[in-house]
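J.: build me a model:
(chains A and B)
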Amino acid sequence: KNEVEQSPQNLTAQEGEFITINCSYSVGISALHWLQQHPGGGIVSLFMLSSGKKKHGRLIATINIQEKHSSLHITASHPRDSAVYICAVIKSYNTDKLIFGTGTRLQVFP
Amino acid sequence: DAGVTQSPTHLIKTRGQQVTLRCSPKSGHDTVSWYQQALGQGPQFIFQYYEEEERQRGNFPDRFSGHQFPNYSSELNVNALLLGDSALYLCASSFRFRTDTQYFGPGTRLTVL
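T.: Numbering: from 1, shown residues only, chains lettered A, B, ... in the order given. Have a look, this model is predicted:
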């Protein structure tokens, strides 16, 4: 079983919809990243969280350490949000590498 | 600032061949980590280089090796290529092996025929 699980694997939405992507993990962590990967491969870090909630523009990320769960929300989704969103954790006892989920492929249609 | 750069962008090899991928870290960064991302999967950690030495290694065979140069750039070498080595290879750089500020390169797409 993967240490980091994401759901859903694939997600389609109409422009303007509110989107939620979930990430659950089974290990103790010091922090969690949400990353965006566009076609072609490059990865961009969106957020790093160790507690609570962060907001950047239309993106909101939350984390519940006790429940080992994080969510990424996109408000007023737009076709340019179409990408793969990846959750990655930094384990508490091995802080030097990221453990990735398999990603959620999001397609937003006009 | 050019950010993290990788070369080549695409590469096609045949089984049994050897390949070398290259990564230049973001300015000011001294640590390079390599990841393999198979189609439809999340990246998997291969190894990390700091001060020209391999600090950590993931669950990859010895066919995967690397090197870091004094200017902090890095190479990933894969010998005796297998079809299963076809993937996107990502390089990420950071300062003092910090994972909270890792910057990723665009990747090298390797196809093994």
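
J.: contact residues of chain A facing chain B?
T.: Applying C-beta under 8 Å from any C-beta of the partner chain, we find that chain A lies next to chain B at A:4, A:31, A:35, A:40-45, A:48, A:86, A:88, A:90, A:94-103. (Glycine included, C-beta is placed from N, CA and C.)

J.: can you do 10 Å?
T.: A:2, A:4, A:6, A:9, A:30-31, A:33, A:35, A:37-38, A:40-45, A:48, A:50, A:84, A:86-91, A:94-103, A:105 (C-beta under 10 Å from any C-beta of the partner chain).

J.: taking the residues you listed, please make a PyMOL selection of just the buried ones.
T.: Applying 16 or more other C-beta atoms under 10 Å in any protein chain shown to these, the buried members can be selected in PyMOL as follows:
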select buried, chain A and resi 4+6+31+33+35+37+41+42+43+45+48+84+86+87+88+89+90+91+96+97+98+99+100+101+102+103+105
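
J.: can you tell me the centre-most residue of chain B?
T.: In chain B, the residue lying closest to the centroid (C-alpha atoms, centre = their mean) is residue B:34, at 3.3 Å.

J.: name the strands paired with the helix or strand of chain A with the lowest mean pLDDT and say parallel or antiparallel.
T.: For chain A, using mean pLDDT, DSSP states H and E, the weakest element among its helices and strands is strand A:94-100, scoring a mean of 80. Next to strand A:94-100 in the sheet, as set by DSSP bridges, lie strand A:83-91 (antiparallel).

J.: quick revisit: which residue packs closest to the residue nearest to the centre of chain B, ignoring adjacent ones?
T.: residue B:46 (4.3 Å; C-beta to C-beta, 6 or more residues apart in numbering or on different chains).

J.: what distance separates the start and the end of stretch B:47-59?
T.: Taking C-alpha to C-alpha, to the nearest Å, stretch B:47-59 runs 9 Å from one end to the other.

J.: show me the contact partners of that stretch.
T.: A:94, A:96-97, A:99, B:23, B:25, B:30-36, B:44-46, B:60, B:64-70, B:72-76, B:92-97, B:99 (C-beta atoms under 10 Å, 6 or more residues apart in numbering or on different chains).

J.: and if we set it to 8 Å?
T.: Contact with stretch B:47-59 is made by A:94, A:96-97, B:30-34, B:44-46, B:60, B:64, B:66-70, B:74, B:96-97, as judged by C-beta atoms under 8 Å, 6 or more residues apart in numbering or on different chains.

J.: now stretch A:18-29
T.: A:1, A:3-8, A:11, A:13, A:32, A:34, A:65, A:68-77, A:81, A:85, A:87, A:89-93, A:99, A:101, A:104, A:106, A:108.

J.: same thing with stretch A:35-54?
T.: A:30-34, A:56, A:59-63, A:65, A:70, A:72, A:83-88, A:103, B:37, B:43, B:88, B:90, B:92, B:100, B:102-107, B:109.

J.: would you check that residue B:105 makes contact with residue B:92?
T.: Yes - between residue B:105 and residue B:92 a contact is recorded at 7.1 Å, counting by C-beta atoms under 8 Å.

J.: mind listing the shared neighbours of those two?
T.: residue B:4.

J.: how close does residue A:75 get to residue A:56?
T.: Per C-beta to C-beta, to the nearest Å, residue A:75 is found 11 Å from residue A:56.
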